[in-house]
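Next comes the sequence, and after it the predicted model I'd like to discuss.
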Amino acid sequence: MAKLAQTKDFCPNAACPDYGKLQSDQLKPNLKKLGKTPRGVQRYQCKTCSKTFTETRGTIFFYKHAEEEEILEVLALLAEGNRISTLTRVKGIKEDTILRWLREAAQHTDQVEDVLMAKHHVKRAQIDGLWSYVRNKGEKKLPGNG
């Protein structure tokens, strides 16, 4: 199975001459580690364009206040058939936040599926049901729209 490139493998700045060039393909890599955020997320800087970015850029975890494990747990519980209203009550997470996580996860289906099946033991049929929910009913209904 081919390894998917991650944000830390290339400069994500579209204006950079090294945009999208994998570090492993270059004689002299252009990215350097530049400390961590207060939450412990690795920061990088491109030596070519001087732009900085975090390792979570381009993932469902980018710019989130919740821990990665909490987001994945909520997605796994949704896949297992738990209702958003139940998770809102039990976990103390707003319904809009859970819906946003769900929609963003749908943009990263392959990566999310791999983690949910491996770490949370979610079955393929449950994941298929989760994506079906996102496609068909994921939009929050407004009062009066049935």
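Done, it's in.

quick one: stretch 105-118 to chain centroid distance?
Centroid displacement of stretch 105-118 relative to its chain, using Cα atoms, centre = their mean, to the nearest Å, is 9 Å.

Just the buried positions in it, please.
Using 16 or more other Cβ atoms under 10 Å as the test for burial, stretch 105-118 gives 105-106, 112-113, 115-117. Placement of C-beta: from N, CA and C, glycine included.

For the residue sitting nearest the centre point of the chain, give its distance to Q23.
Nearest residue to the geometric centre of the chain (Cα atoms, centre = their mean): I60, 1.7 Å. Remark: distance between I60 and Q23 (Cβ to Cβ, to the nearest Å) = 23 Å.

and if you look at K119?
To Q23, K119 is 27 Å away according to Cβ to Cβ.

higher neighbour count, these two?
In terms of neighbours (other Cβ atoms under 10 Å), Q23 is the more surrounded of K119 and Q23; the figures are 15 against 12.

what residues are up against that one?
Residues in contact with Q23, defined by Cβ atoms under 8 Å, 6 or more residues apart in numbering, are 8-10, 29-31.

okay if I get those as TSV plus distance to A79?
Below are these laid out as TSV (distance: Cβ to Cβ, whole Å):
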residue	distance to A79
K8	28
D9	28
F10	31
P29	38
N30	39
L31	34
